[in-house]
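In: Let me see the structure of the following:
(4 chains)
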There are 2 protein chains.
Amino acid sequence: MTSSVWGSEPLPRVAAPLREQVTDRVRSAILDLRLKPGERLIERELTENLGVSRATVREVIRQLAAEGLVTVVPQRGAEVTSLSASDAADIYEMRASLEALAVRRFVQRAGDDEVRALRRAVDEIARSAAGEGDHLGAKDRFYEVLMAGSASGPLQQTLAGLQARVRLLRATSLSVPGRPAEAAEELRAVVDAVEARDADAAADACVRHIRHAAATATAQLTG
Amino acid sequence: MTSSVWGSEPLPRVAAPLREQVTDRVRSAILDLRLKPGERLIERELTENLGVSRATVREVIRQLAAEGLVTVVPQRGAEVTSLSASDAADIYEMRASLEALAVRRFVQRAGDDEVRALRRAVDEIARSAAGEGDHLGAKDRFYEVLMAGSASGPLQQTLAGLQARVRLLRATSLSVPGRPAEAAEELRAVVDAVEARDADAAADACVRHIRHAAATATAQLTG
DNA sequence: CATGTCTGGCTGTCAGACAATCGGCAACGT
DNA sequence: ACGTTGCCGATTGTCTGACAGCCAGACATG
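Out: Got it, this is the predicted structure:
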């Protein structure tokens, strides 16, 4: 294959369409809580603050609505989604099921180098949990590797949406003290199973991790 | 409650926004195979055939893209998604996980009348499988009841997307002879467990059903 | 035959316009 | 003082028309 010379993939799309840049900006704003749940998104304001036309803004809003980050009320417009406690529980449970599946696929489909990358990612999480470093970023990289290795378009798309909503949750609740270290340990268990190529064990460990995360999160929510 | 005079619910949305009507139309066209997988969707054509402006058409396309029914290639436009065999397998597996979860929620949350409605729905499926009647429609109604009873926005939204993509699959493969009767039997098992309020058994039966459906479907695909 | 160039078809994006609708506020009658 | 009524501003839903940029295939050229 000559493709190895250029780097296989069908081209990483260097210049993203304006619409996607804007989508990313707004999504970040929501996840960073610069737009709080329940807050209305007025089209005119967005056009001004982002410097794009209303048509573009509207497409962005539809996109984010599909991801579940904003909710559109007919004839009233979009607002940042605010999740109920039961929604939160469901989302975590969905994540548990689907990430377990993703981990299974990873075990089946990922090459040794990708397994090593996953190991590195979890190490970085542990480091950031103990000492210093970008914990959220480290977790993001972990999931990036996981998704790439499990190589499933549909799974990736769906999980991305769920993950975003979880972060939306993290808005309401947040960082419990000893939690990062625990999380790192749980993820290490996942990678251990993956390295042993034991899909069942890996899936189990994954479910345990998310159930645990859900427990601490909802405790914050209702408490 | 005075609401009983008008019919309880927060209003069934009589006049849907134009955009949604159009979305439904196009979605139907895709699922009924009047638009085949791989076929390009040209904006101008859609504006003419549907009698709406390009702006509206574009919002509709973004919506369907988010549902996974169409794929947009930057600078080239949208085409009806065509799924790979491995995508199909993943989608079925995701459906298995999530519908199992939905059934669990149904057992927890649904009232007795909703359980009865589910029973009626499965009976109708059986009838349509044996003698005559709208089989697809019957299945749709079954899922409608299921979703309403499990009462979870996120679950409903996600599963709707998956279900649509499964139907897209059904485009490529299709109706195996004795299959409908089997399916009816499997769903009956689900309802039996639901009536017994046994969430685990119901979830298991559900997973079995979808695995079975996936098996026959992928057999068609690769064979 | 390989390479460069042109052109038509589409998409990406913008600006501006208008009707329909929602929410609140103020005037009104009682 | 209080519930109604009616009006107005803010915002969304949708349309029109326009223009630049990109892609693919036809065409010309050496």
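In: make it CA atoms for all contacts and neighbour counts henceforth
Out: OK.
In: immediately after the helix or strand of chain A with the lowest mean pLDDT, which helix or strand?
Out: Taking mean pLDDT, DSSP states H and E as the measure, the helix or strand of chain A with the lowest value is helix A:3-6, at a mean of 54. Per DSSP states H and E, the first helix or strand lying C-terminal to helix A:3-6 is helix A:18-31.
In: list the helices and strands the very next helix or strand once past that next one packs on?
Out: Next helix or strand after helix A:18-31 toward the C-terminus (DSSP H and E): strand A:40-41. On a contact count with 3 or more Cα pairs under 8 Å, 6 or more residues apart in numbering or on different chains; DSSP states H and E, strand A:40-41 meets strand A:77-80.
In: Show me which residues of whichever helix or strand comes after the strand it packs on are buried.
Out: Note on strand A:77-80: by DSSP H and E, the next helix or strand toward the C-terminus is helix A:85-109. Under the neighbour-count criterion of 16 or more other Cα atoms under 10 Å in any protein chain shown, helix A:85-109 has A:87-107 buried.
In: For chain A, what lies in contact range of DNA strand D?
Out: A:41-44, A:55, A:73-78 (Cα under 7 Å from any atom of the strand).
In: interface residues of chain A facing DNA strand C?
Out: A:17-19, A:51-56, A:75-76.
In: Please list only the buried members of the residues you listed.
Out: Buried among the residues of chain A next to DNA strand C (16+ other Cα under 10 Å): A:19, A:56.
In: For A:Ala55, which non-adjacent residue is spatially closest?
Out: Closest residue to A:Ala55 apart from its sequence neighbours, by Cα to Cα, 6 or more residues apart in numbering or on different chains: B:Ala55 at 6.9 Å.
In: Out of the residues of chain A next to DNA strand D, grab the one that's most surrounded.
Out: The most crowded member of those, judged by other Cα atoms under 10 Å in any protein chain shown, is A:Ala78 (23 neighbours).
In: Can you report how many residues lie near the residue lying closest to it once chain neighbours are set aside?
Out: Leaving aside its sequence neighbours, A:Ala78 sits nearest to A:Val72 (Cα to Cα, 6+ apart; 4.1 Å). Neighbour count for A:Val72, taken as other Cα under 10 Å: 19.
In: List the contacts of the residue of chain A found nearest DNA strand C.
Out: Nearest residue of chain A to DNA strand C: A:Leu18, at 3.0 Å (Cα to the nearest atom of the strand). Residues counted as contacts of A:Leu18 (Cα atoms under 8 Å, 6 or more residues apart in numbering or on different chains): none.
In: Kindly report the same for A:Arg188.
Out: A:Arg188 makes contacts with A:119, A:122-123, as judged by Cα under 8 Å, 6+ apart.
In: Report the inter-axis angle for the helix or strand containing A:His209 versus helix A:85-109.
Out: Assessed by DSSP H and E, A:His209 sits inside helix A:199-222. Relative orientation of helix A:199-222 versus helix A:85-109 (axes from the mean of the first three to the mean of the last three Cα atoms, to 10 degrees): 160 degrees.
In: And chain B, is stretch A:88-96 touching that?
Out: Yes: contact of stretch A:88-96 with chain B (Cα under 8 Å from any Cα of the partner chain) involves A:90-91, A:93-94.
In: Could the C-alpha coordinates of that stretch be exported in PDB?
Out: Taking C-alpha atoms only, stretch A:88-96 is exported to PDB below (Å, rounded to 0.1, in the frame of the first residue of the first chain):
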ATOM      1  CA  ALA A  88     -28.900  11.200  34.900                       C
ATOM      2  CA  ALA A  89     -29.300   7.700  36.200                       C
ATOM      3  CA  ASP A  90     -30.400   6.500  32.800                       C
ATOM      4  CA  ILE A  91     -27.500   8.100  31.100                       C
ATOM      5  CA  TYR A  92     -25.000   6.600  33.300                       C
ATOM      6  CA  GLU A  93     -26.600   3.200  32.900                       C
ATOM      7  CA  MET A  94     -26.500   3.600  29.100                       C
ATOM      8  CA  ARG A  95     -22.900   4.600  29.300                       C
ATOM      9  CA  ALA A  96     -22.100   1.500  31.300                       C
END
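In: Outside of that stretch itself, list whatever touches it.
Out: With contact meaning Cα under 8 Å, 6+ apart, stretch A:88-96 is reached by A:159, A:162-163, A:165-166, A:169, A:206-207, A:210-211, A:214, A:218, B:98, B:101, B:152, B:154-155.
In: do the same with stretch A:64-76
Out: Contacts for stretch A:64-76 (Cα under 8 Å, 6+ apart): A:23, A:27, A:30, A:61, A:78-81, A:161, A:164-165, A:168, B:17, B:63, B:66-67, B:154.
In: Show the average pLDDT along that stretch.
Out: Mean pLDDT, computed over stretch A:64-76, is 94.
In: Okay, A:Arg44 and B:Leu64: tell me how far apart.
Out: As judged by Cα to Cα, to the nearest Å, A:Arg44 and B:Leu64 stand 25 Å apart.
In: just A:Gln21 next, same as before
Out: Applying Cα to Cα to A:Gln21 and B:Leu64 gives a distance of 20 Å.
In: and those two? which has more neighbours close in?
Out: The neighbour comparison of A:Gln21 against B:Leu64 (other Cα under 10 Å) goes to B:Leu64, with 24 against 13.
In: ok, the more buried one to DNA strand D distance?
Out: Separation of B:Leu64 from DNA strand D (Cα to the nearest atom of the strand, to the nearest Å) stands at 15 Å.
In: A:Val22 now?
Out: In terms of Cα to the nearest atom of the strand, A:Val22 sits 16 Å off from DNA strand D.
In: follow-up on the earlier one: the residue nearest to A:Ala55 belongs to a strand?
Out: No: secondary structure of B:Ala55 (DSSP: H, G, I helix; E, B strand; the rest coil): helix, not part of a strand.
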